[in-house]
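> give me a model of this one.
(2 chains)
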Amino acid sequence: MAFVAIADRDHEHALHDPQSFIRKYIWSQDHKVIAIQYAIVAIAIGLVALTMSILMRLQLGFPDTFNIIAPQDYYQYITMHGMIMVIYLLTALFLGGFGNYLIPLMLGSRDMVFPYLNMLSFWFYLLAVLVLCAGFFVPGGPTGAGWTLYPPQAVLPGTPGASWGIICMLASLAIFIVAFTMGGLNYVTTVLQARCRGMTFMRMPLSVWGIFMAAILGLLAFPALFVSAIMMALDSLIGTSFFMPAVSSMGEQTVHTGGSPLLFQHLFWFFGHPEVYIVALPAFGIVSDLLSTHARRNIFGYRMMVWAILAIGCLSFVVWAHHMYVSGMNPYFGFFFATTTLIIAVPTAIKVYNWVLTIWRGDVHLTVPMLFAIGFIFTFVNGGLTGLFLGNVTVDVPLSGTYFVVAHFHMVMGVSPILVVFGAIYHWYPKITGRMYDDRLGKFHFWMTFLGAYAIFLPMHYMGILGVPRRYYGYPDAIQFIPPSVHEANQWISISAMLVAATQLVFLYNLIHSYFKGPAADPNPWRATTLEWQTPQTPPKHGNWGKDLPEVHRWAYDYSVPGAPEDFIPQNVPHSETTPAGREHGVPT
Amino acid sequence: MSLTVAYLALATGIAVWAVLVTRLRAKPWEVPAEGVSDNSRFSVSAKRIGLWIFLAVVTSLFCLFLSAYYMRMGQHAGHGSPMAAGDWHAIRDPSILWINTALLILGSVTMQSARAAVAKGQVEQTRLRLFAAGLLTVAFLIGQWLAWREIRYSEFFTPLNPAVAFFYVLTAVHALHLLGGLFVWARTLVRSLRKDVELIDVRLSVELTSVYWHYLLLVWLGLFAVLLST
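Residues are numbered from 1 along each chain as shown, chains lettered A, B, ... in the order given. Sure thing, here's the model as predicted:
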């Protein structure tokens, strides 16, 4: 037994079950409750962002009909839509929602290592969301600077929300980063220290690997956003010149001089690129688990999948300037970043091949989670391929600032991870609620969303190649290079978007109705191997495992093991219990 | 920027080595030989790991602030032109900063001696030294505030001067982290004062608090050196 310093020896903490309603569901330190709190707030604010996007699409598709939407409003919608979706929905939902729920359960521990800090992180997140929403009510409204908040425009008059809105946004981001740091410390430390007996790193499910790496990325990358938010707030409030050059605004010289907008871009994208991997890596991990469970196959190349997650995480820190190809940088700078960007495509592609090889000739059950997981593969390949175009400097120059970029990042960040979110919610719904959702509504939801996403974003690729610029309020006929077909495409996209948005109401109905009226679910309806399905109660009670923690004897992917009596062997089944028949075939079970 | 990238390369290198190289050779689909190896968790408490990870995050924050500092000053690594931005007027750092530095060093030393006392099980000594360390840190913060005032009322104060702006930002961020540390220090002190708490239960808190103090001292020494040299 390794020596453990006296101060570090764990003290036996008695499990105190919370008793009152407030302690069980409001000021709860239970990771499951916190996860659901995160998820509810994230989905709620996500619906606000969805509304923003509908308003945008109304303006773009039918500009004459909706002339109550002014240009300033339009820019506020795109900014809030972008910031909310990326940070307050996707990041919070994947790490705060899924991370909190799954990590302790998949690792066989009773809770996170710092439950009080976990609880604080949620309340700080909620505060961040409230401060963000306050921006809708301050004079001038929320900021319309674009989710990238580039100075100097972000703090100069002429940009909506340049006085109050931008401050609300920056304060909200700062609070979110504090919340995220608290949460991230929990996730990383729990994975390092609180795994149950037998749960080595290489027996962890890929969902945990994805969330773990994303948490590390976030811990190291969010400070860059924090730094830029503080400095921009100071520029706006007390007249410093971190980012503000000598600029003339509204016909007058401003007080600022000497600042560097480029400095902001470097800081922002140093955060911004890892951020997209913070969104993508948990999705990668979760989809691996969905595919292997519903195809009754072990994930193909587990070690390479782990390696790829780690490599993508590390490489994501050296590609940031591919967002800055048109900033006037030295071409050699662009060459370096284009190279690293193409290199990061390699582990990503390896993952795609492995996902496909996992389901190849598998016993594929086209359940709703499986449909979403396969939908992820399609849309992610689509989005990833367009990323190759944009990752090359010369090809990026004509495509930058066009709808091609919009199509790319929506496919790869908006559609694919959201499909994984849906798939994951359907997959774990029976575990979280103890009920089963309605299967037909789920399939309807899938097909409408999947086909609808293509209907929305496929035309945008062509628009981008034509040169249609993004972040434009409208395309009057005076812009002669834009043909009438673009206006028709915009109408088509807008109608599709509204249909897809309406479909999400079906999803919400399914979740809520099934919670109250759905049939009771089997504790392990998908016959999965991972630990969260082996809890003594469904939904798991406080403490998760009852009196004894589980003991793990095998990896997370013993599906369809030759010679085994069933097509799955849970992780906590000892080798002595599995049939000796398998040994006749020379394959250990 | 290259400073931060270098730090991150180092941090990820260590993480990669710790996790990948030592673990990736495992073949989890095979039946392990008898005597399954343990979970390979580090034999330290979770709180200690949590603190080290938090320190990595804080390091990232300060490295980024310093990168911004250097970039704003015009010393863009690899960008060619070494010409300083025209509005950078180096400020005369207030001499009180030297006293503050000495106070912080004393605070760290006292904190370390508190740690030694708790290891020896000396209750009274621990409480005294903890208290003294906190007092010295508060004195440091007051000294910082005096330094701020000195610059505020000096002839070269203007928010437009990035040297001034960065002076405030860097020292403020450091001071805020110290304030957070004082919060933890206060809780540790109160727990050590309680009659019903064993010293052994406070020991981890005292150790981790002293680690944090030493870390913030290192950060301050780095910041001070940067401020003095530019």
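> helix or strand with the lowest mean pLDDT in chain B?
Least confident helix or strand, chain B: helix B:22-23 with a mean of 58, by mean pLDDT, DSSP states H and E.
> centre of the chain to the helix or strand following it, how far?
The helix or strand immediately downstream of helix B:22-23 is helix B:46-73, counting by DSSP states H and E. With Cα atoms, centre = their mean, to the nearest Å as the basis, helix B:46-73 stands 8 Å off its chain's centre.
> what segments of the stretch 101-250 of chain A are helices?
Taking DSSP state H, counting those that start in this stretch as the test, the helices found in the stretch 101-250 of chain A are A:115-134, A:165-193, A:206-238.
> closest one to residue B:205 among those?
Set against residue B:205 and scored by Cβ to Cβ, the helices of the stretch 101-250 of chain A come closest in helix A:115-134, at 14.4 Å. Using the backbone N, CA and C atoms, a C-beta is placed for each residue, glycine as well.
> state the mean pLDDT of the closest one.
The predicted model gives helix A:115-134 an average pLDDT of 96.
> tell me which residues of it are tucked away?
A:115, A:117-122, A:124-129, A:131-134 (16 or more other Cβ atoms under 10 Å in any protein chain shown).
> also stretch B:110-130?
Within stretch B:110-130, the residues that qualify as buried are B:110-115, B:117-119, B:126-127, B:129-130, counting by 16+ other Cβ under 10 Å.
> and for the one residue in the stretch 151-300 of chain A that gets nearest to chain B, the neighbour number?
Proximity of the stretch 151-300 of chain A to chain B (Cβ to the nearest Cβ) peaks at residue A:258, 3.4 Å away. Counted with other Cβ atoms under 10 Å in any protein chain shown, residues neighbouring residue A:258 total 19.
> name the SS class of it, please.
coil (DSSP: H, G, I helix; E, B strand; the rest coil).
> ditto for residue B:156
coil.
> what does residue B:92 give?
Of the three states, residue B:92 takes coil according to three-state DSSP.
> for it, give me its contacts.
B:154, B:156 (Cβ atoms under 8 Å, 6 or more residues apart in numbering or on different chains).
> quick check: it vs residue A:238, distance?
For residue B:92, the distance to residue A:238 equals 22 Å [Cβ to Cβ, to the nearest Å].
> low-confidence stretches in the stretch 401-550 of chain A?
Along the stretch 401-550 of chain A, segments meeting pLDDT under 70 are nowhere present.
> now do the helices in it.
All helices of the stretch 401-550 of chain A, identified by DSSP H, counting those that start in this stretch, fall at A:403-409, A:416-433, A:439-466, A:484-517.
> can you put the ones you listed in JSON lines and add distance to residue A:528 and mean neighbour count?
Formatted as JSON lines, the helices of the stretch 401-550 of chain A follow (distance: least, Cβ to Cβ, whole Å; neighbours: other Cβ atoms under 10 Å in any protein chain shown):
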{"stretch": "helix A:403-409", "distance to residue A:528": "32", "mean neighbour count": "23"}
{"stretch": "helix A:416-433", "distance to residue A:528": "9", "mean neighbour count": "25"}
{"stretch": "helix A:439-466", "distance to residue A:528": "18", "mean neighbour count": "19"}
{"stretch": "helix A:484-517", "distance to residue A:528": "19", "mean neighbour count": "16"}
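> can you check which of these gets nearest to residue B:149?
Nearest of these to residue B:149, taken as Cβ to Cβ: helix A:403-409 at 47.7 Å.
> contacts for that closest one?
Contacts of helix A:403-409 (Cβ under 8 Å, 6+ apart): A:276, A:383, A:386-387, A:389-390, A:399, A:457-458, A:460-461, A:463-465, A:468-470.
> CA atoms only for that helix, dumped as PDB, please.
Coordinates of each C-alpha in helix A:403-409 appear next as PDB, following Å, rounded to 0.1, in the frame of the first residue of the first chain:
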ATOM      1  CA  TYR A 403     -22.600  32.100 -45.400                       C
ATOM      2  CA  PHE A 404     -20.200  29.200 -46.000                       C
ATOM      3  CA  VAL A 405     -18.700  29.900 -42.600                       C
ATOM      4  CA  VAL A 406     -22.200  30.100 -41.100                       C
ATOM      5  CA  ALA A 407     -23.000  26.700 -42.700                       C
ATOM      6  CA  HIS A 408     -19.800  25.200 -41.500                       C
ATOM      7  CA  PHE A 409     -20.000  26.100 -37.900                       C
END
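> surely residue A:491 touches residue A:62?
Yes - contact criterion Cβ atoms under 8 Å: residue A:491 and residue A:62 qualify, at 6.9 Å.
> what's the distance between residue A:133 and chain B?
To chain B, residue A:133 is 26 Å away according to Cβ to the nearest Cβ, to the nearest Å.
> ok, that residue - contacts?
Going by Cβ under 8 Å, 6+ apart, residue A:133 touches A:45, A:48.
> from residue A:303, how far off is whatever residue of the stretch 301-450 of chain A ends up closest to chain B?
Scanning the stretch 301-450 of chain A for the residue nearest chain B gives residue A:314, at 4.7 Å (criterion: Cβ to the nearest Cβ). Applying Cβ to Cβ, the value for residue A:314 to residue A:303 is 17 Å.
> so these two - more neighbours on which side?
Neighbour tally, residue A:314 and residue A:303, criterion other Cβ under 10 Å: the higher count belongs to residue A:314, 22 against 16.
> for the stretch 301-450 of chain A, which residues are neighbours of chain B?
With Cβ under 8 Å from any Cβ of the partner chain as the criterion, the stretch 301-450 of chain A meets chain B at residues A:302, A:303, A:306, A:307, A:310, A:313, A:314, A:317, A:318, A:330, A:333.
> check the nearest residue to residue A:83 once chain neighbours are set aside and give its pLDDT.
Take residue A:83 and drop its neighbours on the chain: the residue closest to it by Cβ to Cβ, 6 or more residues apart in numbering or on different chains is residue A:147, 4.6 Å away. Predicted confidence (pLDDT) for residue A:147: 95.
> how about the strands in chain A?
Remark: strands assigned in chain A by DSSP state E are A:248-249, A:252-253.
> partner strands of the first one, with direction?
Meaning strand A:248-249. Strand pairing for strand A:248-249, determined by DSSP bridges: strand A:252-253 (antiparallel).
> can you get me a residue count around residue 207?
In the absence of a named chain, chain A is used. Per other Cβ under 10 Å, the neighbour tally for residue A:207 reads 27.
> oops, chain B please
Residues near residue B:207, counting by other Cβ under 10 Å: 22.
> touching chain B at all, stretch A:194-202?
Yes - using Cβ under 8 Å from any Cβ, stretch A:194-202 comes into contact with chain B via A:194, A:195, A:196, A:197, A:198, A:199, A:200, A:201, A:202.
> buried ones in that stretch, by neighbour count?
So for stretch A:194-202, counting by 16+ other Cβ under 10 Å, buried means A:194, A:195, A:196, A:198, A:199, A:200, A:201, A:202.
> and among the strands of chain A, the most buried is which?
strand A:248-249 (a mean of 13; mean count of other Cβ atoms under 10 Å in any protein chain shown).
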